[in-house]
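> I'd like to go over a predicted model; first the sequence, then the structure.
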There are 2 protein chains.
Amino acid sequence: MPISWTHRYAQRTQRMTSSAIRELLKVTEQPDMISFAGGLPAPDLFPVEEMAVAADRVLRDFGPQALQYSTTEGYRPLREWLANDTSTSGLAVSPENILITSGSQQALDLLGKIFINSGDRLVVEAPTYMGALQAWNAYEAEYLAIPADEQGMLTAELEPALRVGPKLIYSLPTFQNPTGVTLTLERRQRLVELTGRYGVPIIEDDAYGQLRFEGDSLPSLLALAGPASTNGTGAYGGHVIYLSTFSKTLVPGLRLAWIVAPVEVIRKLVQAKQGADLHSATFNQMIAYEAVRDGFLRQHVPLIQKVYRERREVMLAALAEHFPPGVHWTRPDGGLFLWVTLPEGVNAAELLPAALAAKVAFVPGAPMFPNGGGENTLRLNFSNAAPASIREGIARLGRVLYEKMGVTQAVPI
Amino acid sequence: MPISWTHRYAQRTQRMTSSAIRELLKVTEQPDMISFAGGLPAPDLFPVEEMAVAADRVLRDFGPQALQYSTTEGYRPLREWLANDTSTSGLAVSPENILITSGSQQALDLLGKIFINSGDRLVVEAPTYMGALQAWNAYEAEYLAIPADEQGMLTAELEPALRVGPKLIYSLPTFQNPTGVTLTLERRQRLVELTGRYGVPIIEDDAYGQLRFEGDSLPSLLALAGPASTNGTGAYGGHVIYLSTFSKTLVPGLRLAWIVAPVEVIRKLVQAKQGADLHSATFNQMIAYEAVRDGFLRQHVPLIQKVYRERREVMLAALAEHFPPGVHWTRPDGGLFLWVTLPEGVNAAELLPAALAAKVAFVPGAPMFPNGGGENTLRLNFSNAAPASIREGIARLGRVLYEKMGVTQAVPI
């Protein structure tokens, strides 16, 4: 008899839906489309030559080893390099604190796997990174959403949520996806102090932190939690679990990221990763190590910062020129995204078909609010398009907005 | 206050334990250890030069694209190549039937994610691949174990298990891990027919099928299910979900495998993979495609077959020479493993410390029986050691067995 697949799927699949963003990205592959939709780094900045040299050297020096199975924890020299790179005068991170993952998305999935029971409540920012919701919906998480302003999560609203007894709290404090906003130092301190007091672990997602092109660096939540909690073993033992990635500083196509966490949490994550994909590709880890070991990122990241800064400037100028009155947007100091708020009652998702018809794409903000809201918001990526395309794309989007919002566009004379 | 991590872990982590095999592999990295423990292909056969050429060509011809994010489904030309390679006169497989995964381990994890509710029963062979149990324990599966003999799963015992209403059935019909045994044609037909009648999907894990060095090829369960169920769309629509991998024919360190399944199942798996790791590494997929597109495997796989056949011969001869009477083993026609059964009451796990002290490693069989049993069994890998090491390692293991079994070793005069 024919199989009824639908009746065989697990309960959790009811909350697993294909990301609207990723479905959208397929449409935006049309060559004449100007897309602000994806979270794509600028491919023209990828260090192709350095990658080719690194791949060649790895295969020449370690051929069979680079192509063989390897340990779940990750390539030891890379873990040592990352531990050293993450440690500061106040924060001791050991290689035992580090697990290499297949992109940050896998880090989110493995954390969901080891922590989340069906119905567990997680505190998240609203809006938050949709990929995290996608990972954790599969474990049937519920969300306590904390609103944010231009200084990041409203930590003043945190305590009632912590009193509810959430399993953990997820924050993107630096150049947040989707808003581009950065949590201030005061709020960082407050967040680390409050969660420490309530004994609620923080997952700090720092995918974008190195891409600062304006203002002074702020300490990570990890660094703020670190000094109080190292424990004589030379390893980190605090309550912040920190995620970072090579996807935005080196290249995303290798699928390499890492988790910094207390040793006992890493041990549990290793068990989960054994069942999930055994280990991340040996070859890729060795290439990444070869590429970064001699400080390549110290010269490469400033180049990315410079280009993204210029693209942000172009986008901000174009927004000011082309968007109707009553529309607001953030002014990020780094990262890949800015966030647009339309007047109340203007639905961004309903604008999308007209935008796509005008050959410009964005991502509506509503799916990034775990408990609803944000229908009048949208995310714009400024890293992936050239300045001329940004100007043209924002002009197109401005025309769509003027038309849909029923505002007469001021024509310069 | 300090975090109590132990109390935060999800219920499912109680069944997630670190694989004994993988823990063991760490000990076996000692240089003077002869290891039959891992499932490692022979690294001396890895096509390092071809990989280097492919990596270089991919970066030269497609640099930025190879290093950028890409679609969850996988690199389209690779999916087309795989669809074409899998299709036969009686089986139409379309690229839409294929999902690229980060190793077969991820295929097992994603299948668990979309199918298994806590307490769901899965029919498996006893013994079966431990990595599958590891993946599915995390979804709190229960197992109905079907015993096997030298012709594979005892399909005569299948019907009572199917009547219980299992969620799915998992089989490694060809050169099974761990036993090396191959399911006969008659039992294959019976398995496909019976599961079809009861409407229970089969997961066919075919990691080793191409490594046949003796006897005639048998049709895959996929091929047996295929003709009856293609449905006019040019896509496969049967009740067998088929897994294969590049890990044993090309290299494992790229972490590339694939699933062949009905289009609607692929769609659900894509949603799960989006949350799990977004996509498998673009660079790796393009390298694999570059390496295999012109038929490289048709010349390379016979080389692997030849070497593994020789190693199996050496191991079989050494077993006959060095193992005590009353010990039995399988004689696989392909693959990487053979399976040893000690006399009743001799515990393989208890032999392990003495074996490791004698600098030879194997994997005890008991953890491969999901519901207990098999204490007197062990798995030997013959692909990873050179012939001289195989002879020496089996001699060492024979001495341990003679000693522990209290048998006086016959000394040739």
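Great, that's in hand. Numbers count the residues shown, from 1 in each chain, chains lettered A, B, ... in the order given.
> ok, which stretches of the stretch 201-350 of chain A are strands?
A:202-205, A:240-245, A:257-260, A:328-329, A:337-341 (DSSP state E, counting those that start in this stretch).
> Serialize the ones you listed to JSON lines and add fields for distance to residue A:106, mean neighbour count and mean pLDDT.
To be clear about C-beta, it is placed using only N, CA and C from the backbone, and glycine gets the same treatment. Below are the strands of the stretch 201-350 of chain A laid out as JSON lines (distance: least, Cβ to Cβ, whole Å; neighbours: other Cβ atoms under 10 Å in any protein chain shown; pLDDT from 0 to 100):
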{"stretch": "strand A:202-205", "distance to residue A:106": "13", "mean neighbour count": "26", "mean pLDDT": "98"}
{"stretch": "strand A:240-245", "distance to residue A:106": "10", "mean neighbour count": "25", "mean pLDDT": "98"}
{"stretch": "strand A:257-260", "distance to residue A:106": "7", "mean neighbour count": "26", "mean pLDDT": "98"}
{"stretch": "strand A:328-329", "distance to residue A:106": "32", "mean neighbour count": "16", "mean pLDDT": "98"}
{"stretch": "strand A:337-341", "distance to residue A:106": "22", "mean neighbour count": "22", "mean pLDDT": "98"}
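> mind putting these in JSON lines, distance to residue A:314 included?
Output for these, formatted as JSON lines (distance: least, Cβ to Cβ, whole Å):
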{"stretch": "strand A:202-205", "distance to residue A:314": "27"}
{"stretch": "strand A:240-245", "distance to residue A:314": "26"}
{"stretch": "strand A:257-260", "distance to residue A:314": "29"}
{"stretch": "strand A:328-329", "distance to residue A:314": "14"}
{"stretch": "strand A:337-341", "distance to residue A:314": "12"}
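> Now distance to chain B too, for those, in a markdown table please.
Below are the strands of the stretch 201-350 of chain A laid out as a markdown table (distance: least, Cβ to the nearest Cβ, whole Å):
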| stretch | distance to chain B |
| --- | --- |
| strand A:202-205 | 10 |
| strand A:240-245 | 10 |
| strand A:257-260 | 10 |
| strand A:328-329 | 25 |
| strand A:337-341 | 15 |
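> Write out the residues of the stretch 51-200 of chain A neighbouring chain B.
Residues of the stretch 51-200 of chain A lying close to chain B by Cβ under 8 Å from any Cβ of the partner chain are A:51-52, A:55-56, A:59-60, A:63-72, A:102-103, A:105-106, A:108-109, A:113-117, A:120, A:131, A:134-135, A:137-139, A:167-168, A:196-199.
> Give me the buried subset of those residues.
Neighbour-count burial (16 or more other Cβ atoms under 10 Å in any protein chain shown) is assigned, among those, to A:51-52, A:55-56, A:59, A:63-72, A:102-103, A:105-106, A:108-109, A:113-116, A:120, A:131, A:134-135, A:137-139, A:167-168, A:196, A:198.
> Enumerate the residues of the stretch 201-350 of chain A near chain B.
So far as Cβ under 8 Å from any Cβ goes, the stretch 201-350 of chain A lies against chain B at A:201, A:229, A:239, A:247, A:251-255, A:262, A:264-265, A:267-268, A:270-272, A:274-284.
> Out of the residues you listed, which end up buried?
If we count by 16+ other Cβ under 10 Å, those have these buried: A:201, A:229, A:239, A:247, A:251-255, A:262, A:265, A:268, A:270-272, A:274-284.
> Which of the buried ones among the residues of the stretch 51-200 of chain A next to chain B fall in strands?
residue A:168 (DSSP state E).
> just to revisit the earlier point, restricted to helices, list the residues of the stretch 51-200 of chain A next to chain B.
Within those, residues falling in helices by DSSP state H are A:51-52, A:55-56, A:59-60, A:63-67, A:103, A:105-106, A:108-109, A:113-115, A:131, A:134-135, A:137, A:196-198.
> Is residue A:188 in contact with residue A:225, as I believe?
No: look at residue A:188 against residue A:225 with Cβ atoms under 8 Å: they stay out of range, at 10.0 Å.
> neighbour count winner among these two?
residue A:225 (27 against 24; other Cβ atoms under 10 Å in any protein chain shown).
> which residue sits closest to the more buried one, ignoring its sequence neighbours?
Sequence neighbours aside, residue A:238 is the residue nearest to residue A:225 in space, at 3.8 Å (criterion: Cβ to Cβ, 6 or more residues apart in numbering or on different chains).
> count of residues packed around that neighbour?
28.
> now do residue A:233
Neighbours of residue A:233 (other Cβ under 10 Å): 11.
> Quick one: end-to-end length of stretch A:326-335, please.
End-to-end distance for stretch A:326-335, by Cα to Cα, to the nearest Å: 25 Å.
> Over to stretch A:239-250?
First-to-last distance for stretch A:239-250 - Cα to Cα - comes to 28 Å.
> How far away from the center of its chain is it?
Its chain's C-alpha centre and that of stretch A:239-250 lie 9 Å apart, by Cα atoms, centre = their mean, to the nearest Å.
> Run through the residues that contact whichever residue of the stretch 301-413 of chain A sits closest to chain B.
In the stretch 301-413 of chain A, the residue that lies nearest chain B is residue A:384 (9.6 Å; Cβ to the nearest Cβ). If you count contacts by Cβ atoms under 8 Å, 6 or more residues apart in numbering or on different chains, residue A:384 has them with A:35, A:36, A:38, A:40, A:41, A:42, A:43, A:336.
> and of these, the nearest to chain B?
Nearest member of those to chain B, counting by Cβ to the nearest Cβ, is residue A:43, at 3.5 Å.
> any idea how far residue A:284 is from the closest one?
Noted for residue A:43: a distance of 18 Å to residue A:284, by Cβ to Cβ, to the nearest Å.
> Please name whichever of the strands of the stretch 201-350 of chain A is nearest to residue A:5.
Closest to residue A:5 of the strands of the stretch 201-350 of chain A, according to Cβ to Cβ: strand A:257-260, at 32.5 Å.
> That closest one pairs with which strands?
Paired neighbours of strand A:257-260 in the sheet (DSSP bridges): strand A:98-101 (antiparallel), strand A:240-245 (antiparallel).
> As CSV, the ones you listed with distance to residue A:90 would be great.
Formatted as CSV, those follow (distance: least, Cβ to Cβ, whole Å):
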stretch, distance to residue A:90
strand A:98-101, 18
strand A:240-245, 13
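> right, so of those, which gets closest to residue B:81?
Nearest of those (Cβ to Cβ): strand A:98-101, 28.2 Å.
> Could you look up the SS state of residue A:145?
strand (DSSP: H, G, I helix; E, B strand; the rest coil).
> neighbours around it, how many?
Close neighbours of residue A:145, defined as other Cβ under 10 Å, add up to 19.
> Distance check, it against residue A:374.
Residue A:145 is 10 Å from residue A:374, by Cβ to Cβ.
> Now do the shared contacts for those two.
residue A:126.
> and residue A:359, what does it touch?
Contacts of residue A:359 by Cβ under 8 Å, 6+ apart are A:30, A:32, A:33, A:34, A:396.
> could you list every residue that touches the closest residue to the fourth one other than its chain neighbours?
Translated: residue A:34. Once flanking residues are discounted, residue A:34 sits nearest to residue A:393: 3.5 Å by Cβ to Cβ, 6+ apart. Listed by Cβ under 8 Å, 6+ apart, the contact partners of residue A:393 are A:34, A:35, A:36, A:360, A:385.
> Pick out the most distant pair among those.
Most distant of those, by Cβ to Cβ, are A:360 and A:385, 9.9 Å apart.
> Pull up the overlap in contacts between those two.
A:34, A:35, A:36, A:393.
> Let me know whether the third one touches residue A:389 as I believe.
Same thing as residue A:36. No: if you go by Cβ under 8 Å, residue A:36 and residue A:389 don't touch, sitting 9.4 Å apart.
> more crowded one of those two?
residue A:36 (27 against 17).
> Tell me the pLDDT of residue A:163.
Residue A:163 carries a pLDDT value of 96.
> how about it, what does it touch?
residue A:198.
> swap in residue A:50?
Residue A:50 touches A:291, A:296, A:300, counting by Cβ under 8 Å, 6+ apart.
> out of the residues you listed, who has the most neighbours?
Highest neighbour count within those, by other Cβ under 10 Å: residue A:291, with 23 neighbours.
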